[in-house]
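1. A predicted structure for the sequence below; I have some questions about it.
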Amino acid sequence: MKIQITADLLDGMVLAILERDDYYGYALTQRMQSAITISESTMYPVLRRLKKEGYLTTYDQPYQGRNRRYYQITAAGKKHLQRIRKLWHDYKESLDGIFYVKRKGDGKDD
């Protein structure tokens, strides 16, 4: 069983990676795959949407006779990332309260 990744979480992961450094699409997909299962066919629509919403910008860089399109986080993207991080923190705290609740009588809460 795999836990489903929401669009907000996916956006947050992309923005968090790009906050540290600019990436071209394939390298960004590889970086994401180190944490979750995601294909390029899923990543590129996410990148296009984030760019359309003003959270990313792009620039081209020549590489071995071709251009690579690099993605870069914008100021609006950084603000959006902070909102997602806050939502994630609150959500994680809430879930931790369920998953890691101590049982009565285990001696730790007595």
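-> Alright, I've got the coordinates. Numbering: from 1, shown residues only.
2. may I ask you to name the longest helix in the protein?
-> Longest helix in the chain by number of residues (criterion: DSSP state H): helix 75-99.
3. off-centre distance for that one?
-> Centroid separation for helix 75-99 versus its chain: 11 Å, with CA atoms, centre = their mean, to the nearest Å.
4. just stretch 50-62 next, same as before
-> Counting by CA atoms, centre = their mean, stretch 50-62 comes out at 16 Å from the chain centroid.
5. and R49, how far from M43?
-> Look at R49 and M43: by CB to CB, to the nearest Å, they are 11 Å apart. Yep, even glycine has a C-beta here, placed from its N, CA and C like the rest.
6. more neighbours: the two, which one.
-> M43 (19 against 13; other CB atoms under 10 Å).
7. I'd assumed Q33 was in contact with the more buried one.
-> No - when contacts are counted by CB atoms under 8 Å, M43 is not listed as touching Q33 (9.3 Å).
8. any common contacting residues for these two?
-> Overlap of the contact sets of M43 and Q33 (by CB atoms under 8 Å, 6 or more residues apart in numbering) is empty.
9. residue ranges in the protein under the pLDDT threshold?
-> Scanning the chain with the threshold set as pLDDT under 70 gives 1, 105-110.
10. name the helix or strand for the residue nearest the centre of it, please.
-> By CA atoms, centre = their mean, the mean C-alpha position of the chain lies nearest to M13, the distance being 0.8 Å. Under the criterion of DSSP states H and E, M13 resides in helix 7-20.
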